[in-house]
Structure formats: C-alpha cells, structure tokens
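S.K.: With the input below, show me the fold.
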Amino acid sequence: MQKTGPLTGVKVIEMCHVMAGPTCGRMLADMGADVIKLERVPDGDDTRRMLPPDIEGEPAAFMMMNSGKRGIAVDLKNERGKDVLKRLLATADIVTENYRADTMAKLGLGYEELRKVNPALVYCAISGFGRTGPYASRGGYDLIAQGMSGLMSFTGEGPGRPPVKVGAPVCDITAGILAAMGVLAAYVHRLKTGEGQMVDTSLYEAGITLSYWQSAIALATGIAPGPMGSAHPLNAPYQAVETADGWITFSGANDRNWKRLLELLGLDELADDPRFHDNAGRMGNLDELMELLSVEFRKKPRDTWLAELEAAKIPAGPVFDVNEMHADPHTLARDMVVEVEHDRIGSVKTIGCPVKFTETPSAVHSAAPIYAQHSREVLAEFGYAADEIESLVADGAVIAHDPL
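M.R.: Numbering: from 1, shown residues only. Model (predicted):
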C-alpha cells in the first residue's frame, strides 16, 4: 500500500474501537500516516458486530471507520502480547486509545510508563469525559455526551417537545477530529523539541465545543436557548422552508440578502414593516415572518426556487437525503465518495478525504482490514523473525489472518 499525503512516514498505533478514536485514526490515515489498528482478542472492534448492514459478510460500519488502516490483533492479557505492543510503541510516533481512564496504566502501558521507553511518543487519550475532573472515571457514549453538553436541549422542533439528539453521532465524530488536531499539534511540538506529550480530549468537551452560539447567548443573557428546528439562534431568516414539492434551505440573514429575498418573493412591503426592519426584529417575530415567507415558497417547486435564488445571489440549497448527497455531482467532483479495494470482497465505496492538499495529496488508500490481516506483516517490520511470529501466534499472544 503506497501512501501519499503530508503525514507519509508517520507511524500511528490505534488502540481504539467504535467511533471517536477510529475517526481520529481515519483522518490521520487519509493524510498519509501509517495507522496500525490494534484490535482486541478474540473478536476485535465492536463495530465488526454492528450488523446489519454488511457487504458480503463484511460489516459496513467497520469498513467506513477503518479504511486506510492496517490491522493486527494482540492479546494484551497475554504477557507476550503485552511485550509486542511495547515493542511497537517504542518506535511509534503516535498512539491513540479510548479505554477507561486507568485501563492502560493497569496493563503497565500508561503514558508515564511509555514515555520512559519512548520520550518522543505522542500519546492521545480519547474518553467520555477526559482524564481529569469528577467524571473522569465514567464511561462515555455519544448519546450521553449530547445530553450532558446541552446539545439535546436545543435540538428539535420547538419548546415542549421531547429532547432530540442530533442524527449523526456528532460528539463521537467531533472528538475524533479534535483528537486528530491535538496529536498533530503535539507532533509539531515534537518536531521542534524532540519531546512527546499526552493529548487528552473527550466526547463531553466535543459536545460543549459544538454549543458555541448557544453558549454565547447563555453566557451573555443567563437564558439557556431552546430548540428552534432548522432556524438560527442569532440570524433570520436562515432555515429550511417547504416548497411545492420538497424542502430547501436558504439564507436571508443579512440586510443585503434580506432585501434581495423580498424582491424575489414580491414582498417589498415587508422592508418597511417595523416588525422586520432589522435582524433583532426578524428574530423577535420569527414565527410571523416565516408564515409570510412560507406562503410564497409553497407556490413553486424546489428546483425552480433554487434556480431563482441562485440568480438573485441568495445562498440556498436542497435538503438531500443521504443517497441524493452521495450522487450529487459536487460530492463526486470533490472525491467525497470513492472506491477502494477490499482484499476479500473487491471494490467498495466509502467516504473520501475532507481536506485537500496541493503538494501532498490526501487519499483513502485502502479498504478496512480483515480481522488480524496484517499481523505478520507488521511484526516483521518491527523486527520479529518469522519463527518468532509463528511462536506468538501459536501461543495466542497474536492472532494472524490466514489468507483465503
């Protein structure tokens, strides 16, 4: 697997499962890092059992989160398996893990122990609540983080409704992106000084980070914002609206676009309406405003409105389902749906790299690994002789995939 990207040559050991940690690893792999995913014995990452759906028996969830990585399986309850991990980490650049706070330390593999062996190691811990504070020992899940971070209190159609989580696991994914940002910042520091360090982030902090606008309101006013559907908490009109045959989103949220919108809709009289004279008025009378606008938007089909809004230089877009998004020509032009080769099932589609580089192109270099697919290959690269590898496999310290 020939890697390209700005992180080519960076070696990452990923000791993560499900989503937050694997998101971090996938971001690093797409940018060229050699990400070696260490899976548990005997059954690997939990996403291998998130079925259905599958593609010819391979779990779709696992393949999405682990494209571009190599896979090994090591039993960390076996002393020889533990020694294998120590050997890998002795020369690795980065390690990521998302175990509970004391798990790695109990194995003798915590940051303080590992930095004695590899002072340049960047050690990233991704957890539910971080490594300090009263909740540090708690396990964490995206749903719990969405609830506790406030996200579920302002997501949904309006007041008086049950709390709603964001459809995507945004705390998991954002924590993974924050972790990738953190380890790269730490790696830059290492390049300058030769010194590694621990990077600590969490699902909880990811959720709090996503509350920027609502936190700004609450910190300024003392009032916690509630759910507003697709509307914006600070600008109006800026939301989804129903047309004759579907939904679109649009922004009339500054005075320039507001006036353009009124002209397009034939509602010029609203420009002098004191209720809607400025953004504060439009926010304060949002329900009345959207009733007036919605009447007009329902008169024409979606594509007609999108063409007219674009001609009037008013930002707008369709509300796609996921299949429509995948098929959109801009998605494809940006290489955000790509095909990669899986060693067992052949060509499979996955999401592409969201960051592009002019000089060091990013890419999804391979499909996700079969369980323990690269164990022998990786151990050989770290100096194990063939007979040593077979001894580790025979002892159960390492699982090695035997090609079909």
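S.K.: any weak-confidence spans in the chain?
M.R.: Filtered on pLDDT under 70, the chain yields the residue ranges 1, 403-404.
S.K.: Please report how far the residue nearest to Ala60 when sequence neighbours are not counted lies from Phe62.
M.R.: Setting aside the residues directly before and after it, Ala60 is nearest to Pro53 in space (CB to CB, 6 or more residues apart in numbering), at 4.6 Å. C-beta: built from backbone N, CA, C; applies to glycine. Applying CB to CB, to the nearest Å, one obtains 11 Å for the distance of Pro53 from Phe62.
S.K.: The two - which one has more neighbours?
M.R.: Legend: neighbour count by other CB atoms under 10 Å for Pro53 and Phe62, higher for Phe62 (26 against 8).
S.K.: A helix includes the more buried one, no?
M.R.: Yes: looking at Phe62 with DSSP: H, G, I helix; E, B strand; the rest coil, it is inside a helix.
S.K.: Surely it touches Asp43?
M.R.: No: in this structure, Phe62 is not within contact of Asp43 by CB atoms under 8 Å, at 11.6 Å.
S.K.: Distance check, the residue nearest to Ala60 against Gly176.
M.R.: 22 Å.
S.K.: Equivalent analysis for Arg100, please.
M.R.: Distance of Arg100 to Gly176, given as CB to CB: 18 Å.
S.K.: In terms of neighbours, single out the busier of the two.
M.R.: More crowded of Arg100 and Gly176, by other CB under 10 Å: Gly176, with 29 against 14.
S.K.: which residues touch that one?
M.R.: Met19, Ala20, Gly21, Pro22, Thr23, Cys24, Gly25, Arg26, Met27, Ile126 (CB atoms under 8 Å, 6 or more residues apart in numbering).
S.K.: Would you enumerate the residues in contact with the nearest residue to the first one once chain neighbours are set aside?
M.R.: This means Met19. Spatial nearest neighbour of Met19, excluding adjacent residues (CB to CB, 6+ apart): Asp172 at 4.0 Å. For Asp172, the set of contacting residues under the criterion of CB under 8 Å, 6+ apart consists of Val18, Met19, Ala20, Thr23, Asp142, Ala145, Leu203, Ala206.
S.K.: In helices, which of these fall?
M.R.: Among the contacts of Asp172, the subset assigned to helices under DSSP state H consists of Ala20, Thr23, Asp142, Ala145, Leu203, Ala206.
S.K.: If any of these are buried, give me the PyMOL selection for them.
M.R.: A single PyMOL command selects the buried members of these (16 or more other CB atoms under 10 Å):
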select buried, resi 20+23+142+145+203+206
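S.K.: Distance to Leu219 added to the ones in helices among the contacts of Asp172, as a markdown table?
M.R.: Formatted as a markdown table, the ones in helices among the contacts of Asp172 follow (distance: CB to CB, whole Å):
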| residue | distance to Leu219 |
| --- | --- |
| Ala20 | 27 |
| Thr23 | 29 |
| Asp142 | 25 |
| Ala145 | 20 |
| Leu203 | 22 |
| Ala206 | 19 |
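S.K.: Tell me which two of the ones in helices among the contacts of Asp172 sit farthest apart.
M.R.: In those, two members sit farther apart than any others by CB to CB. They are Thr23 and Ala145, at 13.9 Å.
S.K.: I'd like to know how many residues surround Arg282.
M.R.: Neighbours of Arg282 (other CB under 10 Å): 23.
S.K.: Give the closest residue to it in space, chain neighbours not counted.
M.R.: Ala236 (4.1 Å).
S.K.: quick one, what contacts that neighbour?
M.R.: Per CB under 8 Å, 6+ apart, neighbours of Ala236: Gly252, Ala253, Asn279, Arg282, Met283, Leu286, Leu289.
S.K.: For the residue nearest to Met19, grab phi and psi.
M.R.: Note on Asp172: its backbone torsions stand at phi -60, psi -50 [degrees, to the nearest 10].
S.K.: One more: Met198?
M.R.: Dihedral angles phi and psi of Met198 (degrees, to the nearest 10) take the values phi -90, psi 140.
S.K.: Break down this structure into its strands, ranges please.
M.R.: Per DSSP state E, the chain has strands spanning 11-15, 34-39, 54-55, 58-59, 70-74, 94-97, 122-127, 197-202, 238-242, 247-251, 316-318, 337-342, 346-351, 398-399. These are given in chain order.
S.K.: ok now the last one, how far from the chain's centre?
M.R.: Mean C-alpha position of strand 398-399 versus that of the full chain (CA atoms, centre = their mean, to the nearest Å) differs by 29 Å.
S.K.: Counting by contacts, list what that strand packs against.
M.R.: For strand 398-399, the contact count by 3 or more CB pairs under 8 Å, 6 or more residues apart in numbering; DSSP states H and E identifies strand 70-74, helix 375-381, helix 386-395 as packing neighbours.
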